[in-house]
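Q: Kindly generate the corresponding structure for this input.
(one chain, ligands or ions: 1)
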Amino acid sequence: MNANLFDRLERSIAAPPKTAIATSAGETISYADLIALSGRLANVLVARGVKPGDRVAVQVEKSVPALVLYLATVRAGAVYLPLNTAYTLAELEYFISDAEPSLVVCDPGKWEGVQQLAAKVGAAVETLDAQGLGSLIKAADDAAEAFTTVQRAGDDLAAILYTSGTTGRSKGAMLTHDNLVSNAQTLIKFWRFTADDVLIHALPIYHTHGLFVASNVILFSGASMIFLPKFDADEILRLMPRATALMGVPTFYVRLLQHPGLTKDATSGMRLFVSGSAPLLAETHREWSARTGHAILERYGMTETNMNTSNPYDGDRVPGAVGLPLPGVSLRVADPETGRVRGTGEIGVIEVKGPNVFKGYWRMPEKTASEFRPDGFFITGDLGKIDERGYVHIVGRGKDLIITGGFNVYPKEIEDEIDAIPGVFESAVIGVPHKDLGEGITAVVVRSKEARVDEAAILTALDGRLARFKLPKRVIFVDELPRNTMGKVQKNVLRQQFVDLYVSPTQASQSAR
Ligand SMILES: Nc1ncnc2c1ncn2[C@@H]1O[C@H](COP(=O)(O)OP(=O)(O)OP(=O)(O)O)[C@@H](O)[C@H]1O
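A: This is a model prediction of the structure:
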């Protein structure tokens, strides 16, 4: 049987006339439309020379046709490669030269620049639907609807997603048809999705969260989703009476909590709020429960592994924990150096194995080999522990390490202590160049509304709770932490902002206030 994701999706669609995607502007596309349009587009891709195994790199704004392009690429047996719409031409150069796509699809504004980059690897360039430029949708109007989905094996590639680059250069994670289908099916069962669900989809579709967790789960359960171009609290609250579920990054929930319209009544028709991609503060979890009566369901995954853990659907959704390993996923905590498995409650690196785990990094066999243990477990780089009930807690990222005066310090431990101080909303701890210590521990803090907590109060509160070498040298207050679209704190931006702190401390801290 054909293991192509699209073939398996088509077999699972029970009611083709049903709406698959609606836009907030009121357009709708049914499952039958999705099949027809993806067939037309797949015919266009093949006519443009896209062959099975070729990469199709796509950097376009979120839209229904953009999602159909993902399905069409997979149908054609090619490898879908979505790119963050925020990437500049200079950044695109790396992705295009690394992935060597045969086709690049871009927005009209980048047409000329992308042409030059694509020419270097011999790739064709198209837009989705721009007037006067190569347009796939326009060509699809004249193409045949019938398309025989290309035969693929389960471990052939369906997509390459570059990691977010939060901790270093982005790497291309190779995801197979089996990886994507198995994870979607697992999540559908675990989160009880049925054809009756309506998801508010406000995530970008270039990242694993919006593309695979949200879109694949909905399509494979025959449910519907309402596509929003981006997060918009007013719009989400307006749509809630027509919806049953929301998937978001923690920032969504923080922003919705600031909206006076968020009440028990407004959320009464919803059955599920999922959070992931970055840590959800326990405080946000509790506040959400108090305001709405719903416990946010937090889950944990990454580009390389799809989803690994989830809080339960029934049962305790523990604030600050990422839940239990999903069915079929083996998860353990090990010593980062030796790989020796650690016991309950002990901190180590989280390692996972299962049908969800990727095939390796694109054209990086050595990097791939070094990230897997000999018994096949993938070393996530996230530090965590498993408690007595089996819940996984993330306590930091192995790659997010400060080396100060020769000591290794994990920022998360300090952030947790600071976040517990009354008057603190959240914090990010970074290492900033320091002439004596190498890196000076620096706490960047956001106060709770109307709180007046200051540097001295924070340092006093930490004294005695943390070893002296872990105490911040400086505490700086900001109105909000810089975050990327996926809600991840951009520590690189903070490090850059405060790079001179220990050179000219007065100046740098004054400019930050
Ligand atoms: N619920 C969660 N709680 C805490 N962290 C989470 C959660 N969900 C995801 N993450 C974090 O996000 C990471 C995965 O992010 P992603 O794959 O988007 O790119 P990245 O790891 O930030 O990029 P790079 O590897 O290039 O630095 C996980 O390894 C984990 O650190």
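Q: domain assignment for the protein?
A: The chain breaks down into these domains under the TED database: 5-230, 321-397, 401-498.
Q: Using a markdown table, lay out these together with distance to Y300, mean neighbour count and mean pLDDT.
A: For every residue, glycine as well, the C-beta is placed using N, CA and C. Below are the domains of the chain laid out as a markdown table (distance: least, Cβ to Cβ, whole Å; neighbours: other Cβ atoms under 10 Å; pLDDT from 0 to 100):
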| stretch | distance to Y300 | mean neighbour count | mean pLDDT |
| --- | --- | --- | --- |
| domain 5-230 | 11 | 20 | 95 |
| domain 321-397 | 4 | 17 | 96 |
| domain 401-498 | 13 | 17 | 92 |
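Q: Any idea which of the ones you listed gets closest to the ligand?
A: domain 5-230 (3.2 Å; Cβ to the nearest ligand atom).
Q: who in the stretch 301-450 of the chain is up against the ligand?
A: Selection of the stretch 301-450 of the chain residues close to the ligand by Cβ under 6 Å from any ligand atom yields G301, M302, T303, V322, T380, D382, I394, R397.
Q: For R48, see how far away the fourth one is.
A: Read that as V322. Using Cβ to Cβ, to the nearest Å, V322 is found at 42 Å from R48.
Q: Against which helices or strands is the helix or strand encompassing V349 packed?
A: In the assignment (DSSP states H and E), V349 maps to strand 348-353. Packing partners of strand 348-353 (3 or more Cβ pairs under 8 Å, 6 or more residues apart in numbering; DSSP states H and E): strand 330-334, strand 378-386.
Q: For L37, which of the ones you listed is the nearest?
A: Nearest to L37 among the helices and strands packed on strand 348-353 is strand 378-386 (35.7 Å), distances taken as Cβ to Cβ.
Q: So which elements touch whichever helix or strand comes after the closest one?
A: Scanning forward in sequence from strand 378-386 by DSSP H and E, the next helix or strand is strand 392-397. Packed against strand 392-397, as judged by 3+ Cβ pairs under 8 Å, 6+ apart, are the following elements: strand 378-386, helix 411-419.
Q: continuing past strand 392-397, what's the next helix or strand?
A: Using DSSP H and E, the next helix or strand after strand 392-397 towards the C-terminus is strand 402-404.
Q: Would you map the strands across the stretch 351-500 of the chain?
A: Along the stretch 351-500 of the chain, the segments classed as strands by DSSP state E, counting those that start in this stretch run 360-361, 378-386, 392-397, 402-404, 407-409, 424-434, 438-447, 474-477.
Q: quick one: strands adjacent to the last one?
A: Within its sheet, and counting by DSSP bridges, strand 474-477 is paired with strand 438-447 (parallel).
Q: show me where the stretch 1-150 of the chain has strands.
A: Applying DSSP E, counting those that start in this stretch to the stretch 1-150 of the chain gives strands spanning 19-23, 28-30, 55-59, 79-82, 103-106, 124-126.
Q: Each with direction, which strands does the fifth one pair with?
A: I take that to be strand 103-106. Strand 103-106 has the following strand partners under DSSP bridges: strand 55-59 (parallel), strand 124-126 (parallel).
Q: now the second one
A: Here strand 28-30 has these sheet partners by DSSP bridges: strand 19-23 (antiparallel).
Q: Show the end-to-end separation of stretch 332-349, please.
A: Counting by Cα to Cα, to the nearest Å, you get 8 Å between the two ends of stretch 332-349.
Q: which residues sit against it?
A: If you take Cβ atoms under 8 Å, 6 or more residues apart in numbering as the criterion, stretch 332-349 is touched by 350-351, 373, 377, 379-388, 395, 398.
Q: can you do 7 Å?
A: If you take Cβ atoms under 7 Å, 6 or more residues apart in numbering as the criterion, stretch 332-349 is touched by 350-351, 373, 377, 379-381, 383-388, 395, 398.
Q: what separates G134 from V444, distance-wise?
A: From G134 to V444 the distance is 45 Å (Cβ to Cβ).
Q: One more: V104?
A: From V104 across to V444, the span is 38 Å (Cβ to Cβ).
Q: next one: the lengthiest helix in the chain to chain centre, how far?
A: When the chain is parsed with DSSP state H, its longest helix is helix 31-47. Relative to the centre of its chain, helix 31-47 is centred 27 Å away, using Cα atoms, centre = their mean, to the nearest Å.
Q: next one: stretch 133-145
A: Centroid separation for stretch 133-145 versus its chain: 31 Å, with Cα atoms, centre = their mean.
Q: ok, and what's touching it?
A: Contacts for stretch 133-145 (Cβ under 7 Å, 6+ apart): 36-37, 39-41, 43-44, 65, 69, 105, 108, 111, 125-129.
Q: next one: stretch 61-70
A: Here stretch 61-70 has contacts from 21, 23, 29, 34, 37-38, 41, 58, 60, 80, 85, 105, 107, 128-129, 136-137, 204-205, 211, 215, 227, 229, using Cβ under 7 Å, 6+ apart.
Q: residues in this structure within reach of the ligand, list them.
A: Counting by Cβ under 6 Å from any ligand atom, the chain comes close to the ligand at 163-168, 170, 276-279, 298, 300-303, 322, 380, 382, 394, 397, 486, 488.
Q: How about the contacts made by the closest residue to V249 other than its chain neighbours?
A: Nearest non-adjacent residue to V249, counting by Cβ to Cβ, 6 or more residues apart in numbering: G487, 3.2 Å away. By Cβ under 7 Å, 6+ apart, the residues touching G487 are V249, P250, T251, S277, A278.
Q: what's the neighbour count on the first one?
A: As a burial measure, the neighbour count of V249 was computed by other Cβ atoms under 10 Å and equals 25.
Q: was I right about it contacting P279?
A: No - using Cβ atoms under 7 Å, V249 is not in contact with P279, being 10.2 Å away.
Q: a strand runs through R291, doesn't it?
A: No - per DSSP: H, G, I helix; E, B strand; the rest coil, R291 lies outside any strand segment and is helix.
Q: Might you report the residue contacts of the nearest residue to it once chain neighbours are set aside?
A: Spatial nearest neighbour of R291, chain neighbours left out: L262 (5.9 Å); criterion: Cβ to Cβ, 6+ apart. By Cβ under 7 Å, 6+ apart, L262 lies in contact with L237, L256, R291, T292.
Q: Which helix or which strand is home to L262?
A: According to DSSP H and E, L262 maps onto no helix or strand at all.
Q: Tell me the pLDDT of it.
A: Looking at L262, its pLDDT stands at 98.
Q: With the one 10 residues further on instead?
A: Listed pLDDT for L272 reads 98.
Q: cool, the one 4 residues further on as well?
A: According to the per-residue confidence, G276 scores 95 in pLDDT.
Q: about what we covered before: adding distance to L272, write the domains of the chain out as JSON lines.
A: Shown next, in JSON lines, are the domains of the chain (distance: least, Cβ to Cβ, whole Å):
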{"stretch": "domain 5-230", "distance to L272": "6"}
{"stretch": "domain 321-397", "distance to L272": "14"}
{"stretch": "domain 401-498", "distance to L272": "18"}
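Q: between these, which one is nearest to R242?
A: Across the domains of the chain, R242 has its closest neighbour in domain 5-230 (6.2 Å, Cβ to Cβ).
Q: Quick one: distance of that closest one to the chain centre.
A: Distance, stretch centre to chain centre, for domain 5-230: 16 Å (Cα atoms, centre = their mean).
Q: Now do the helices in the stretch 1-150 of the chain.
A: For the stretch 1-150 of the chain, helices defined by DSSP state H, counting those that start in this stretch occupy the ranges 5-12, 31-47, 64-75, 89-99, 111-121, 136-141.
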